[in-house]
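Engineer: Sequence and predicted structure, then a few things I'm wondering about:
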Amino acid sequence: MALVEVRHLKKYFEVASGTNHAVDDVSFKIERGHTMGVVGESGCGKSTLGRTIIRLLDATDGQVLLDGEDITHAKGRELRRLREKMSIVFQDPYSSLNPRFCVDETIREPLEEARRFTRAEISQRTEELMDLVGIEDRLRMAYPHEMDGGRRQRVGIARALALRPDFIMCDEPVSALDVSIQAQVLNLLMDLQERFGLTYMFVTHDLSVVRHISDEICVMYLGQLVETAPTKKLFDQPLHPYTKALLSAIPSIDFSKPMRRVQLKGEITSAINPKPGCRFAPRCLYACDCCHEPQQLEEVEPGHFVSCCRVREIN
Amino acid sequence: MNETLLTIKNLHVQYTSGGQIVRAVNGVDIELKKGETLGLVGETGAGKTTISKAILRILPDPPAKVTCGEVWLNDVNLFDLPAREMLEVRGNKIAMIFQDPMTALNPTMTVGNQIAEVILQHNDISNKEAMKRAASMLEMVGIPAMRYMEYPHQFSGGMKQRVVIAMALACNPELILADEPTTALDVTIQAQVLEMMINLKQKMNTSMILITHDLGVVAQTCDRVAVIYAGQIVESGTKEEIFNNPLHPYTIGLFGALPKLNDDSKRLSPILGLPPDPTNLPEGCSFNPRCPHAFEDCTVGQTPEMIEVTPGHFVRCILFRKESVHHGISRSQTS
């Protein structure tokens, strides 16, 4: 059974100019021990999706299942119990750590919050966690401003692991880091996953990172899920016109193959008061009248879902 | 294409911060030909942006100080120019594209007027003529001229960056300094902007220094590449040389740390350790504490000299000295 299942999840925000359909009818599953990459451009709702799943935001409609249990409306004590099973690693290791907490305090806070460990247990576990993510013991009393971005992100990861969660939502965890440091953190995340059988949802806009770390990938555009497939399949054979354009736009370090970019017209519009139908249609090369009807996510091949009414004609 | 446009000789820049001296740029030499694009690659704090600001003489002094060096544009040393004449160079002969289009534009001025302002500053023409030229610049970067009177907040990120580019190109500069011009943009928009920059550059035969940490962007846009580490160029050469045959252990490390789109290996090979503290650079080669090939000679004395390994391909590493044993490092050995 899938560890995380999302069914027709919706998250709308009321804004001055209308309703922002940040996440609109998204469904997918993440198997235990797998990594689901979520890609898309800024403002496509990928972070909102992640935060709604781990209950930092309340869903407008739809369901989130963790280990078969509907957690969409969990409250109070039940929600506290769930919080121990899911955690988050934030994008910006500069603003996601309390500047007045040293490493030790940051990591022990969730353990104290859980209200079921003795002092000795907390100290021991904190030490274990620091060791696990590779923070030297001499930094135990260091404050965030004394550490570089890579180390800060390691502290963020240790905090996320404190209560031995099953599921970690990684929200652009390496975007703020330099390449050489980024590789260290990606390796750490993959080692931890192997060791503890963790399940990740990995939100990023960096397609080469997502290809490296994910088992399956969801591609989002303006709040809608346009395509989901196993990583290799998605990169070898993208079916949705947006996925094709997105993959072709990555500047390759192989300059013998110049970019053969699928030309996209126009700019990303917004998800505020959208018209029914495919939101990518105004920029799509293949758009026709049927694209203005609501689209269904269709299983084109086993495990490969696409939301495009013309998917069979254009491929 | 063979005429030299810009020559930087032995540039040193220091910042004073809390009584400590931060050695940001430590002896950089760059030669740029007309029509050529040079990619300046390096990590945060390597000194890339400081170099470009030093060229334009817009470093805040204090805390920054150019302690040594010359910057020649054609046959003028920019560091000798009086401040008034320098105004004629900025925006006119050398233009800069900043990283963040959200903060590079004035939020209280219409985008058209911001472009016209640059044109008026450097040309003796009427307001009306300047506005006409500004409108045609907007059209050139693919923004309808009817949006001339709109404000930056009415534009998307990609369009704002195009306005910044239109502003940089408005006076037909000889040199463009592009500081991470597409880092703040999404991939599909980045591809549009890069393509547009390449086309415009070719049309006007402008030279460009492109500062970036994205090796993919370099591969798609540059002719030559200089890799910078701790304020020094550690390797430079044609794009083909650097990508196909990287020599400096740092360059090799950068390629190894990059998740590749056509590679299925499950582990990356990060560069060990951290970038050096610029207030306290290591003796000898600045990269020696992180280098897998370092030996005693690397940790003493001055930083190594640049060595020309093949014509046009320079590397700052004593492993490539003629008299030293050839260690024969290759990408496969380190990754």
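Structural biologist: That came through fine. Residues are numbered from 1 along each chain as shown, chains lettered A, B, ... in the order given.
Engineer: quick one: the top helix by length along chain B to chain centroid distance?
Structural biologist: The longest helix of chain B (DSSP state H) is helix B:187-204. From the chain centre to the centre of helix B:187-204 is a distance of 16 Å (CA atoms, centre = their mean, to the nearest Å).
Engineer: After that helix, which helix or strand is next?
Structural biologist: For helix B:187-204, the following helix or strand on the C-terminal side (DSSP states H and E) is strand B:207-212.
Engineer: Which positions in the stretch 151-300 of chain A make contact with chain B?
Structural biologist: The stretch 151-300 of chain A has residues A:178-184, A:186-187, A:190, A:205, A:207-209, A:211-213, A:235, A:245-246, A:248-255, A:258-259, A:261, A:264, A:267-268 near chain B, with proximity defined as CB under 8 Å from any CB of the partner chain. C-beta coordinates here come from the backbone N, C-alpha and C atoms, glycine included.
Engineer: Flag every buried residue along the longest helix of chain B.
Structural biologist: B:187-197, B:200-201 (16 or more other CB atoms under 10 Å in any protein chain shown).
Engineer: in the stretch 151-300 of chain A, which spans are helices?
Structural biologist: With DSSP state H, counting those that start in this stretch as the criterion, the stretch 151-300 of chain A has helices at A:179-196, A:207-213, A:231-236, A:241-248.
Engineer: Low-confidence ranges, the chain, go.
Structural biologist: As the question left the chain open, I've gone with chain A. Along chain A, the parts satisfying pLDDT under 70 run over A:257-261, A:263, A:266-268.
Engineer: Switch to chain B, please.
Structural biologist: B:1, B:261-265, B:322-335.
Engineer: residue nearest the centroid of it?
Structural biologist: Residue closest to the average C-alpha location in chain B (CA atoms, centre = their mean): B:Ile211, at 2.6 Å.
Engineer: Quick check: the gap between it and chain A.
Structural biologist: 14 Å (CB to the nearest CB, to the nearest Å).
Engineer: Ok, B:Leu281 next?
Structural biologist: For B:Leu281, the distance to chain A equals 16 Å [CB to the nearest CB].
Engineer: Please verify my assumption that A:Arg283 contacts A:Leu246.
Structural biologist: No: with contact defined as CB atoms under 8 Å, A:Arg283 does not count as touching A:Leu246 (11.4 Å).
Engineer: who has more neighbours, those two?
Structural biologist: A:Leu246 (26 against 19; other CB atoms under 10 Å in any protein chain shown).
Engineer: Dihedrals phi and psi, the residue of chain A most remote from its centre?
Structural biologist: In terms of distance from the mean C-alpha position of chain A, A:Ala120 ranks first, at 34.5 Å (CA atoms, centre = their mean). Backbone torsions of A:Ala120, given as degrees, to the nearest 10, read phi -60, psi -40.
Engineer: Measure how buried B:Asn123 is and give me the count.
Structural biologist: Around B:Asn123 there are 14 other residues, counting by other CB under 10 Å.
Engineer: Which helix or which strand is home to the closest residue in space to A:Ala162 that isn't next to it in sequence?
Structural biologist: The shortest distance from A:Ala162 to any non-neighbouring residue, by CB to CB, 6 or more residues apart in numbering or on different chains, is to A:Pro110 (4.3 Å). Here A:Pro110 sits within helix A:103-113, counting by DSSP H and E.
Engineer: And B:Trp72, by the same measure?
Structural biologist: With DSSP H and E as the test, B:Trp72 turns up in strand B:64-73.
Engineer: Show residues contacting that strand.
Structural biologist: B:5-16, B:24, B:27-28, B:50, B:53-55, B:59, B:77-79, B:89, B:93-94, B:174-175 (CB atoms under 8 Å, 6 or more residues apart in numbering or on different chains).
Engineer: I'd like to know which of those residues are buried.
Structural biologist: For the contacts of strand B:64-73, a neighbour count by 16+ other CB under 10 Å gives the buried set as B:5-8, B:11-15, B:24, B:27-28, B:50, B:53-55, B:59, B:78, B:89, B:93-94, B:174-175.
Engineer: From these, which land in strands?
Structural biologist: Taking DSSP state E, the ones among the buried ones among the contacts of strand B:64-73 that sit in strands are B:5-8, B:11-15, B:24, B:27-28, B:94, B:175.
Engineer: among those residues, which two are most distant?
Structural biologist: B:Leu5 and B:Tyr15 (28.0 Å; CB to CB).
Engineer: how many other residues sit next to the closest residue to B:His213 other than its chain neighbours?
Structural biologist: Spatially, and ignoring its direct neighbours in sequence, B:His213 is nearest to B:Glu43 (6.2 Å; CB to CB, 6+ apart). By other CB under 10 Å, the residues close to B:Glu43 number 19.
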